[in-house]
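J.: sequence and predicted structure, then a few things I'm wondering about:
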Amino acid sequence: MLPLAITGGIAEGKSTVMEILRQQGLHAVSADQIARELWSSSDFIADVSKELGTPNLNKELLREKISADSALRREVNSIFHPRIWAEIFASEPFVVEVPLLIEACLQHHFARVWVVTCGIEEQMRRLSDRVGNELANRLIRTQLPTRAKIPFADEVIRTNLPPPLVLSATHSALAQIIGKDTSD
């Protein structure tokens, strides 16, 4: 069992919390980062294209298709998730960012689960700033709402607060796990 999972919706501040934990010297890995690394492998892209029967697969085209097709999204996840999971376990991290933790029913692999949230309005604002309103709406609709993840949380970290409060909340939650004050 791994010590800690960080989850939440897209653009809700998971990376901010992960950076705070890294600054505390914790070994932290991101399922999304592992996925990006897999995408950078031409061998992996060829394998996925072959498994899906889709020639010339690229990330942008796939994002478009899976935002509109839940069956394809499940198929892509069934290819990605086992490979990502193997990489996670091989690295023996203290904390893992897993955006689809609850959707993939992986929470039982962790001693503790933190849900990071900023609220739907702030999430939409952040994501719209990144990708525009239309794509932001589609991406948010493809995800389980963060409020549905909160019942699985041992801790909820709110990132729509001023940065010093996010830092303090993260340090406080971490102290509960490792048993010491981490705010130094």
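T.: Great, that's in hand.

J.: show me where this protein has its helices.
T.: 14-23, 31-39, 42-52, 59-68, 70-91, 120-131, 133-141, 146-149, 163-178 (DSSP state H).

J.: where does the protein dip in pLDDT?
T.: Applying pLDDT under 70 to the chain flags the ranges 59, 180-184.

J.: once you drop chain neighbours, what's closest to residue 128?
T.: residue 136 (4.4 Å; C-beta to C-beta, 6 or more residues apart in numbering). Placement of C-beta: from N, CA and C, glycine included.

J.: and that neighbour, how many neighbours?
T.: 20 (other C-beta atoms under 10 Å).

J.: give the buried residues for stretch 81-100.
T.: By 16 or more other C-beta atoms under 10 Å, the buried positions in stretch 81-100 come out as 81, 84-85, 87-88, 93-100.

J.: that should have said stretch 162-174, apologies.
T.: 166, 167, 169, 170, 171, 173, 174.

J.: so what touches it?
T.: The contact list for stretch 162-174 (C-beta atoms under 8 Å, 6 or more residues apart in numbering) reads 13, 16-17, 20-21, 24, 114, 155, 157-159, 161, 181-183.
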